[in-house]
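# Need a 3D model of the following:
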Amino acid sequence: MRTQPGRLSGEFLVAYAVVRVVGEIFREPDASLILGVSRGSFYSIFLVVAGAALIVYGSKHRAPG
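Numbers count the residues shown, from 1 in each chain. Model prediction:
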């Protein structure tokens, strides 16, 4: 039953971002963007923010039933 819309998608985005950052450790480094962070890790920051927003949205907007 779908009681928290968006929560599963948010959890997926956060988990994907974490796995991607761990994978970036083992890749050959590419050009650093800001503070020595790789491009993949930099993009993962936005995935974590979007995922956290979906989790918060899902916890505040519970479906009836």
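
# Longest helix in the protein, by number of residues?
helix 39-60 (DSSP state H).

# List the buried residues of that helix.
For helix 39-60, a neighbour-count test (16 or more other C-beta atoms under 10 Å) marks Ser41, Ser44, Leu47, Val48, Gly51, Leu54, Ile55, Gly58 as buried. Yep, even glycine has a C-beta here, placed from its N, CA and C like the rest.

# on contacts alone, who are the packing partners of it?
Helix 39-60 makes packing contacts with helix 7-26 when contacts are defined by 3 or more C-beta pairs under 8 Å, 6 or more residues apart in numbering; DSSP states H and E.

# what stretches of this protein score poorly on pLDDT?
1-2, 63-65 (pLDDT under 70).

# ok, now how distant is Leu35 from Leu13?
22 Å (C-beta to C-beta, to the nearest Å).

# Please read the previous query as pertaining to Phe42.
15 Å.

# Would you check which pair of the buried residues of helix 39-60 lies furthest apart?
By the measure C-beta to C-beta, those have their two most distant members at Ser41 and Gly58, which lie 25.6 Å apart.

# Looking at the buried residues of helix 39-60, spot the one nearest Arg27.
Ser41 (10.1 Å).

# Let me see the contact set for Leu35.
Counting by C-beta atoms under 8 Å, 6 or more residues apart in numbering, Leu35 touches no other residue.

# Repeat that for Gln4.
By C-beta under 8 Å, 6+ apart, the residues touching Gln4 are Gly58, Ser59, His61, Arg62, Ala63.
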